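Visitor: Sequence and predicted structure, then a few things I'm wondering about:
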Amino acid sequence: FSYNKGLPLSLSSGLQPLLGRGPRGLPGQVVDVFTVVLSIFGLATSLGLGAMQATAGIAYVLGTPNTFAFQLMFIVAVTCLAAFSLWRGLDAGVKVLSNINMLLALVLFLLVAVGIGGMAFFSNTLNAAVDYGQMFLPLSNWIDRPDQDWFQGWTVFYWAWWCTWGPLV
């Protein structure tokens, strides 16, 4: 809608067929504010859950306690790193972080592949792909699932968290 119709880069622009001239008026502003608020809540929740998971792993590996203060320090560090990256701009900041991330992913891949052996790695990868193919349809619906306990364990919190990312994604 931005390229073809010359509309602003906002969610309300994509709703022009439904809203008519609304994207430029109050309905469009409401949609855009709602999108920003949901994105902020989704980002905050993802950062919090990610910090809990990352610090739990770090604490497990290092044998240290996983305290709230440690989680808070992790969140502050990640936020500062992201802010610094954005402050430097796309080429100097975000691109560098992206390249570092890809390098770390490659190193992790090689460590896992070499650590468990090439044949075991490819065998496990093939088994996982077959399992994924076999379980895709049974786990894609709510009827007669083989994992009722896990399925019933999902809370409104998780559904709300996923819904916060809907408008952004």
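Guide: Arrived safely, thanks for sending. Numbering: from 1, shown residues only.
Visitor: Give me the packing partners of the strand or helix carrying Leu126, helices and strands only.
Guide: In this structure, Leu126 sits in helix 118-135 according to DSSP states H and E. With contacts defined as 3 or more C-beta pairs under 8 Å, 6 or more residues apart in numbering; DSSP states H and E, helix 118-135 has these neighbours: helix 95-116. Placement of C-beta: from N, CA and C, glycine included.
Visitor: contacting residues for the residue nearest to the spatial centre of the chain?
Guide: Note on the chain: the residue nearest the mean C-alpha position is Ser46, at 6.8 Å, using C-alpha atoms, centre = their mean. Residues near Ser46 by C-beta atoms under 8 Å, 6 or more residues apart in numbering: Trp161.
Visitor: Distance of it relative to Ser12?
Guide: Ser46 is 24 Å from Ser12, where distance means C-beta to C-beta, to the nearest Å.
Visitor: follow-up on the earlier one: may I have the phi/psi pair for the residue nearest to the centre of the chain?
Guide: The phi and psi values for Ser46, taken as degrees, to the nearest 10, are phi -60, psi -40.
Visitor: do you know how far it is from Ala54?
Guide: On the measure of C-beta to C-beta, Ser46 and Ala54 end up 12 Å apart.
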